[in-house]
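Participant: Predicted coordinates and the sequence they were generated for:
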Amino acid sequence: MPAYGVLSIFVTTATLYLLAINVQAGASISRRVLVGSAGPAPGPSPGAPKDVRIDTASGFAATLVSGASGLAKQIVDRTQGLASAADKVEDNLGITKRAPILLMHGAIQGGWVWEFPRISQGAARGVKGLLEAAGYTVYNPTLPYHSPTDAWNPTDGEVQVQTYVDTFLKVITDQNLQNVILVGHSLAGVWMQQMLQQMPERIGMMVFVDAVVLETGESFFSNKIAGVLSPHSEYPAQAFFTITFSYPFFYQVCNRDVYRTYFVNTAANNTAFVTATYAGLVPEPHGPEMQTQNTTAFFQIPVPKAFVLGTQDVGLSGGYRSWLLFSDRLAEANNGNAPFRVHEIYGDHESMLTQPQNLAKGILQAIHGMQMS
Ligand SMILES: *[C@@H]1O[C@H](CO)[C@@H](O)[C@H](O)[C@H]1NC(C)=O
Ligand SMILES: *[C@@H]1O[C@H](CO)[C@@H](O)[C@H](O)[C@H]1NC(C)=O
């Protein structure tokens, strides 16, 4: 049975569960999501549309992403052609400033993902080691409840977004870091947005790695862009993320084969690698994923931003360029007047694990690009 079939089976149950926690917590899930979930669960189709149209509620024109025409406003640098095993990541980038880098892991993972050794990729200490080799001081903390010995369960009580934000901000204040380069993967995009709002004077640049960017009033769960996962606009595609990652569904839904197929697909045939990295995963507490965020100030603070995009990322349907729907939001920040660039790399959604050299290179090029702008 294809993984998507397995996922579909869980959708109805999961929606009821989410509805229940919505009622309990008084959180806001959009009506559209709940209405859509009432019908039969279609599941994301393998033949997802190439063209994905998303209407945003905030006055931007609808964004059209397609293989042919999706990059209108964005400058895309292709790192892929530059990356070879023989290249050193620090070669000839001309980077002179060495601001501290704070690496922020995504859902169901911990800080370890930035240090996972891929000797065959020339990355004995993963992305962190490669960035250190390029002369940077690098921090990669782990959020509370994000290690297998500290996994969240309901007896731990509800977690707040601010708990995560505080964890990362504490590194900046404890180490008295200035001009910090934030690098956030996937769900960490949400925490990064809040960090900029709360400590703008300490943050010099932001690199979003296949990351989520919320408009004001959205939560990770309710964000409109996750709808690209489904050919049915009413379908609660967000539930794919939430069910896949969240307690308690993670244990049934995000099994090793789902992980292999949708997250580490460029290393899918390396079973030892898949097994070793899967063992480090934990379910997300759903609270922070469901809390709506005020991101109004984020879009007005003119800190340079970049998006690193994996060309093999199949986490969203509609092709890897579906992620540009999130980066489009960054491009619109400061009315389009703030420095912004997209850098493509050969990598899947977990490039820090599967393609650390490519990702390190993409991050360095992103930093370099922002220094030049
Ligand atoms: C995995 O192996 C299959 C069968 O040999 C091959 O078709 C596929 O391209 C491989 N996948 C990767 C990511 O190397
Ligand atoms: C969101 O934050 C902005 C300030 O950045 C504030 O003006 C606005 O009132 C806030 N919106 C809500 C709904 O709290």
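Facilitator: Nice, thanks for sending it over. Ligands and ions are numbered 1, 2, ... in the order given.

Participant: helix/strand/coil for whatever residue of the stretch 101-250 of the chain ends up closest to ligand 1?
Facilitator: Using CB to the nearest ligand atom, the single residue of the stretch 101-250 of the chain nearest to ligand 1 is Ser120, 13.1 Å away. Placement of C-beta: from N, CA and C, glycine included. Classification of Ser120 by DSSP: H, G, I helix; E, B strand; the rest coil places it in helix.

Participant: Find me the pLDDT at it, would you?
Facilitator: In this model, Ser120 is scored at 87, pLDDT.

Participant: what does Asp87 give?
Facilitator: Asp87 is given a pLDDT of 40.

Participant: got it, and Ser66?
Facilitator: In this prediction, Ser66 carries a pLDDT score of 29.

Participant: oh, and call the first residue 19 from now on, that's how I've got it
Facilitator: New numbering, starting at 19: the last item is Ser84.

Participant: what's the burial count for the residue of the chain found nearest ligand 1?
Facilitator: Nearest residue of the chain to ligand 1, counting by CB to the nearest ligand atom: Asn287, 3.8 Å away. Asn287 has 9 neighbours, counted by other CB atoms under 10 Å.

Participant: so the nearest residue to Ala286 once chain neighbours are set aside is in which element?
Facilitator: Leaving aside its chain neighbours, Ala286 sits nearest to Arg278 (5.0 Å; criterion: CB to CB, 6 or more residues apart in numbering). Taking DSSP states H and E as the definition, one finds Arg278 inside helix 274-280.

Participant: How about the residues of this protein by ligand 2?
Facilitator: Neighbours of ligand 2 within the chain, by CB under 6 Å from any ligand atom: Asn312, Thr314, Ala315.

Participant: Report pLDDT for the second one.
Facilitator: Residue-level confidence at Thr314 comes out at 97, pLDDT.

Participant: that's a helix at it, yeah?
Facilitator: No - counting by three-state DSSP, Thr314 falls outside a helix, being coil.

Participant: quick one, what contacts it?
Facilitator: Contacts for Thr314 (CB atoms under 8 Å, 6 or more residues apart in numbering) come out as Thr234.

Participant: can you do 10 Å?
Facilitator: Thr314 sits next to Gln215, Glu233, Thr234, Gly235 when contact means CB atoms under 10 Å, 6 or more residues apart in numbering.

Participant: The second one - how many residues pack around it?
Facilitator: The number of residues packed near Glu233 is 20, by other CB under 10 Å.

Participant: Make sure I have this right: it is in a helix.
Facilitator: No - using three-state DSSP, the secondary structure at Glu233 is coil, not a helix.

Participant: Touching, it and Gln311? I think so.
Facilitator: Yes - the pair Glu233 / Gln311 is scored as a contact, 8.8 Å apart, by CB atoms under 10 Å.

Participant: which residues do the two both contact?
Facilitator: By CB under 10 Å, 6+ apart, the residues touching both Glu233 and Gln311 are Gln211, Asn241.

Participant: ok so, going back, and the contacts of Thr314, which are buried?
Facilitator: Gln215, Glu233, Gly235 (16 or more other CB atoms under 10 Å).
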